[in-house]
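Trainee: The following block contains a protein sequence and its predicted model.
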Amino acid sequence: MSANLLNCRPYARLVGLAGAIMAVLTTAIAAPDPAAGTEIDLPRWVSGLPPYFLVSGVKTEPTYVARIDIWRDGDNFGVVGGAPAWAMRALQAVSVSPDGLVSELACPENAFCGDASDAGGYLSTAALVAAARKNAIKGAATVRQFGDYEVVCVPAEQLGVADPILDPCFELQSGATLALLHRMSQTFDGPSLSVSPLAVEIPSSPPKTPQGYHHAEY
């Protein structure tokens, strides 16, 4: 996957790569009972998110399908990927401090990751957690359907983005970033994952670090 995909920034600096090896003990998230249209309290929802998740999905590009895997390990958030399938996988990872500061843990070789505080795209959960720790998450949001999963789309301004076009959408149970919602068209756009195949899991222990990527510092 090219460095350009890493550095596109439709609502913030968008990060788009993939791949996390599953922890031995994991509990798959069953698609929850349909609740699209339900309004939830955002601060309460964020405060109840689990400390670990693993996502495995794909993103369709014009000339190939990219495998995308995303994970959370407590305060650390990562995304790994590579396309086409034979390409070396690349890792980007960030960490969020107790007071909501985001720092870079790893950046793909020959890529510009920029300011870690701009973490976006598939790393938007880090920005969400950071904003919550600064008490910047306010109000309510409506649950939307995304394939077999339900997502909560949070106004990007609450994550520190100026004049956003896309709002990040997080899987309801895990908080994993699955898609971005275009404000004008109200459709999922940008580096959104495909709705299928897509698996979201909540491990019972920290996920293992993925293997076979460039510049692994995490």
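Mentor: In hand now; what should we look at? Numbers count the residues shown, from 1 in each chain.
Trainee: per-residue pLDDT, Pro206?
Mentor: In this model, Pro206 is scored at 88, pLDDT.
Trainee: My error: substitute Glu61 in the last question.
Mentor: At Glu61, pLDDT is 78.
Trainee: Could you report the neighbour count for it?
Mentor: Neighbour count for Glu61, taken as other Cβ atoms under 10 Å: 14. Placement of C-beta: from N, CA and C, glycine included.
Trainee: And Val65, by the same measure?
Mentor: 13.
Trainee: Quick check, it in contact with Lys59.
Mentor: Yes: judged on Cβ atoms under 8 Å, Val65 makes contact with Lys59 at a distance of 7.4 Å.
Trainee: Not counting sequence-adjacent ones, nearest residue to Asn76?
Mentor: Ser95 (5.0 Å; Cβ to Cβ, 6 or more residues apart in numbering).
Trainee: Check which helices and strands the host helix or strand of that neighbour sits against.
Mentor: Using DSSP states H and E, Ser95 falls within strand 89-96. Here strand 89-96 touches strand 76-82, strand 102-106, helix 124-133, strand 213-214, going by 3 or more Cβ pairs under 8 Å, 6 or more residues apart in numbering; DSSP states H and E.
Trainee: Restrict it to CA atoms and write it as PDB.
Mentor: What follows is strand 89-96 as a C-alpha-only set of coordinates in PDB (Å, rounded to 0.1, in the frame of the first residue of the first chain):
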ATOM      1  CA  ARG A  89       3.400  -5.300   5.500                       C
ATOM      2  CA  ALA A  90       3.700  -1.800   7.100                       C
ATOM      3  CA  LEU A  91       2.800  -0.700  10.600                       C
ATOM      4  CA  GLN A  92       1.700   2.600  12.100                       C
ATOM      5  CA  ALA A  93       1.000   2.800  15.800                       C
ATOM      6  CA  VAL A  94       0.400   5.600  18.300                       C
ATOM      7  CA  SER A  95       0.000   5.700  22.100                       C
ATOM      8  CA  VAL A  96      -2.400   7.900  24.200                       C
END
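Trainee: Tell me the gap between it and the middle of its chain.
Mentor: 11 Å (Cα atoms, centre = their mean, to the nearest Å).
Trainee: Do you know the pLDDT at the closest residue to Asp41 other than its chain neighbours?
Mentor: Once flanking residues are discounted, Asp41 sits nearest to Ala140: 5.5 Å by Cβ to Cβ, 6+ apart. Note for Ala140: predicted pLDDT of 97.
Trainee: Neighbours of the residue nearest to Leu159 when sequence neighbours are not counted, how many?
Mentor: Using Cβ to Cβ, 6+ apart and skipping the chain neighbours, the partner closest in space to Leu159 is Ala127 (4.3 Å). Using other Cβ under 10 Å, Ala127 has 30 other residues around it.
Trainee: ok, now the one 3 residues further on?
Mentor: By the measure other Cβ under 10 Å, the count of residues near Ala130 is 26.
Trainee: Kindly provide the distance from it to Arg144.
Mentor: 23 Å (Cβ to Cβ, to the nearest Å).
Trainee: who's in contact with the nearest residue in space to Asp99 that is not next to it in sequence?
Mentor: Excluding the flanking residues, the one nearest Asp99 by Cβ to Cβ, 6+ apart is Arg133, at 6.3 Å. By Cβ atoms under 8 Å, 6 or more residues apart in numbering, the contact list for Arg133 reads 96-100.
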